[in-house]
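Visitor: mind looking at a prediction? Sequence and model below.
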Amino acid sequence: MLDQLKIKNLTNILLCIFSNRSATKTDLVNETGLSNSTVSSSVNSLYKLNLLLHGGMEDSIGGRRSVIYKLNKDYGQFIGVDLYKDQLHIVVTDCQNTVLQVYQYLLTKDVSAINLLASGLEEILAAYPNVLGIGIGLDAQINAKEQIVVRSEYYNWHNVHLKEVIERQFQIFTYIDHRVNGAAVREGIFGNAYGLQDYMCIYESSKEKAALIQDKNICRGQYNYTGQMRNTDPSPESLSSLISFFDIAAICIGYLTPEYKEKWVQVSNCCASRVICCLEESNLIEKGMAAIAQKEWFQSIYFML
């Protein structure tokens with residue numbers, strides 16, 4: 001059985017490769033702070049476990065070319081869930097966050113949200129028996145540390161142990177978060193905030209909350225509700241104030257309609273270089289929840305086992 005220090009080293013390397021999409025051993029030494037021998041031993045172990053694959057060779061600059069390592073996309077799958085009002089949207093991704101399948105369910109008065117979620121997961125897991133983790137996003141006040149839905153007004157939930165409910169039924173690692181947080185984490189891994197330490201994400205599909213990332217970590221506040229927005233109409237003054245107050249590199253704006261895009265473009269002239277407006281990807285929230293579940297799985301007891 002692996003000792004705790006080796007598990008921590010393996011986890012750090014997996015997180016680094018996932019966050020950067022690929023890395024050489026030199027990259028891993030520089031980013032993790034681990035020694036050359038530790039990185040080499042850990043990478044070799046992960047390669048033997050089939051978690052890593054060779055992704056080609058680094059371009060030569062006169063010396064020996066380095067192997068580029070990537071996650072093995074076929075090692076397993078992750079499920080990303082967006083439970084939002086009467087809609088349940090789910091995606092299945094591979095280990096590189098590429099969508100394999102999309103599912104949609106409609107919540108009715110005859111079925112509770114938890115029962116609909118459970119039945120949907122049951123159907124998906126029958127088709128994908130090698131799922132490693134499930135990420136569930138919802139608009140709610142959440143105790144992120146304890147993984148408890150403190151309050152969800154739409155479903156009239158109070159102190160619901162959603163992670164425990166799903167894990168007990170399916171015996172698969174589960175992680176819950178506010179739906180916009182997952183999308184923001186993915187934005188930093190694969191999207192417009194790639195390479196940034198500090199940024200904010202605002203999405204038209206999640207107008208009730210913005211996500212703030214500082215030092216690559218989600219700023220949560222009490223019950224994971226930092227960024228709750230009562231007024232989503234921007235102004236040049238509010239935009240400049242946000243950027244200055246939080247000292248962020250950029251604000252990423254995801255739009256679905258031309259009207260929403262135009263509203264932000266009109267006020268972003270004051271700091272245009274730090275405002276990134278892009279059309280929201282399809283299944284953005286679900287893909288984000290799959291990505292955050294994968295990052296958390298690397299650090300869970302399920303991965304250690």
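Guide: Arrived safely. Residues are numbered from 1 along each chain as shown.
Visitor: ends of stretch 222-239, what's the gap?
Guide: 24 Å (C-alpha to C-alpha, to the nearest Å).
Visitor: which of the residues in that stretch are buried?
Guide: The neighbour-count check on stretch 222-239 (16 or more other C-beta atoms under 10 Å) flags 223-227, 234, 239 as buried. To be clear about C-beta, it is placed using only N, CA and C from the backbone, and glycine gets the same treatment.
Visitor: same thing with stretch 159-178?
Guide: Along stretch 159-178, these residues count as buried under the neighbour rule (16+ other C-beta under 10 Å): 160, 162-163, 166-167, 170, 172-178.
Visitor: then stretch 44-58?
Guide: Of all the residues in stretch 44-58, those buried under the rule 16+ other C-beta under 10 Å are 45-46, 51-53, 55, 58.
Visitor: ditto for stretch 92-101
Guide: 92-97, 99.
Visitor: nearest to Thr257, of the buried residues of stretch 222-239?
Guide: For those, the minimum distance to Thr257 (C-beta to C-beta) is 14.9 Å, reached by Pro234.
Visitor: which one is Glu296 nearest to, not counting chain neighbours?
Guide: With C-beta to C-beta, 6 or more residues apart in numbering as the measure, Tyr175 is the residue that lies nearest to Glu296, at 4.5 Å, once sequence neighbours are left out.
Visitor: how about stretch 27-47, which residues are buried there?
Guide: Residues of stretch 27-47 classed as buried by neighbour count (16+ other C-beta under 10 Å): 27-29, 31-32, 34, 38-39, 42-43, 45-46.
Visitor: what's that stretch in contact with?
Guide: Contacts of stretch 27-47 from elsewhere in the structure, counted by C-beta atoms under 8 Å, 6 or more residues apart in numbering, are 6, 9-10, 12-14, 16-17, 20, 23, 25, 52-53, 69.
Visitor: how far does that stretch sit from the chain's center?
Guide: In terms of C-alpha atoms, centre = their mean, to the nearest Å, the centre of stretch 27-47 is found 24 Å from the chain centre.
Visitor: avg pLDDT for that stretch?
Guide: With pLDDT averaged residue by residue, stretch 27-47 scores 94.
Visitor: need the CA coordinates for it. CSV is fine.
Guide: Backbone C-alpha positions of stretch 27-47 (Å, rounded to 0.1, in the frame of the first residue of the first chain) are rendered in CSV as follows:
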residue,chain,number,x,y,z
ASP,A,27,7.8,21.4,-15.9
LEU,A,28,6.6,19.3,-12.9
VAL,A,29,9.8,20.0,-10.9
ASN,A,30,9.4,23.7,-11.5
GLU,A,31,5.7,23.8,-10.6
THR,A,32,5.5,21.4,-7.7
GLY,A,33,8.8,22.1,-6.0
LEU,A,34,9.5,18.4,-5.8
SER,A,35,13.0,17.0,-6.5
ASN,A,36,14.0,15.6,-9.8
SER,A,37,14.2,12.1,-8.4
THR,A,38,10.7,12.3,-6.7
VAL,A,39,9.1,13.6,-9.9
SER,A,40,10.8,10.9,-12.0
SER,A,41,9.7,8.1,-9.6
SER,A,42,6.2,9.5,-9.3
VAL,A,43,5.7,9.9,-13.1
ASN,A,44,7.1,6.4,-13.7
SER,A,45,4.6,5.0,-11.1
LEU,A,46,1.7,6.8,-12.7
TYR,A,47,2.8,5.7,-16.2
